[in-house]
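*Asks:* just need the structure, nothing else, for what follows:
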Amino acid sequence: MRKGGTPFGSVETAMIDSSYAQVGKSLCLPTHAYLGSTESKILDMQAGLESGMGAMIGALSGINMISGSGMVDSLLCQSPEKLVIDAEGIAMAQRMLQGMKIHTDTLATGFYEGVNFKGGDFLKQRITMQLFQKEQHMPGKVIDRDSMRGWKESGSMDTFTRARIRVKEILASYRRPELDPAKEAELHAYVMDLAKKAGIEQLPFVEEFQPV
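*Replies:* Here you go, the predicted structure:
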């Protein structure tokens, strides 16, 4: 109300999206919403707060398709760094939807037999190595869960810096998908036909992507 704009990062917007998604589900229709966005102009705490809240509300509401990842400034800009950060938030939301799991018939009560509680032997147990991979979501390098010493030794990087490194890694590893030449020619002819019907005699040249 202060500016007269649509606050895509507000909790009320997420609540409205969640509500009409339930209407769609009652009609057995697929649902879609723009969540995980923010009004912030930079990747700051506001961007993380609004995007994470939106993604989690959308996931818990059972919305089938959620757009908005990587978007800032009310969907007006796309940030590759935010995109990889949002991917981590989405992974956490997906883990949330899986709920608490029961991996053993006895709730792993045998885990405590012969364990030295004061010595911190839990991490050494074989069952720990077996179960934590099934229960715990392990985030990528964008998320820092190191100690203060380890964080400093790694360069004292903030989330944006780690995200930018991840973006460069993804771009450097990009490889153009291999397409059947015949199907590629058929696709080109189809698009060319549509272009001519629209009064366009030549398709615009698109330079092949080169990672930087």
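
*Asks:* hey, let's count contacts and neighbours off CA atoms from now on
*Replies:* Fine.

*Asks:* show me the shaky parts of the protein.
*Replies:* Judged against pLDDT under 70, the low-scoring parts of the chain cover residues 1, 107-112, 114-124, 206-212.

*Asks:* try 90
*Replies:* Across the chain, the stretches falling below the confidence threshold (pLDDT under 90) are 1-8, 98-138, 175-179, 201-212.

*Asks:* where exactly do the strands run in it?
*Replies:* Counting by DSSP state E, one finds strands in the chain at the ranges 32-34, 65-67, 71-72, 77-78.

*Asks:* so what does the third one touch, helix or strand wise?
*Replies:* Counting contacts by 3 or more CA pairs under 8 Å, 6 or more residues apart in numbering; DSSP states H and E, the secondary-structure elements packed against strand 71-72 are strand 77-78.

*Asks:* ok, residues contacting the strand it packs on?
*Replies:* Taking contacts as CA atoms under 8 Å, 6 or more residues apart in numbering, the residues outside strand 77-78 that touch it are 70, 71, 72.

*Asks:* of those residues, which is the most crowded?
*Replies:* The member of these surrounded by the most neighbours (other CA atoms under 10 Å) is residue 71, with 27 neighbours in all.

*Asks:* separation between that one and residue 7?
*Replies:* As defined by CA to CA, to the nearest Å, residue 71 lies at a distance of 13 Å from residue 7.

*Asks:* which neighbours do those two share?
*Replies:* A shared contact of residue 71 and residue 7, defined by CA under 8 Å, 6+ apart, is any residue touching both; here these are residue 38.

*Asks:* enumerate every residue touching the residue nearest to residue 139 when sequence neighbours are not counted.
*Replies:* Nearest non-adjacent residue to residue 139, counting by CA to CA, 6 or more residues apart in numbering: residue 88, 6.5 Å away. For residue 88, the contacting residues are 139, 140, 142, 143, by CA under 8 Å, 6+ apart.
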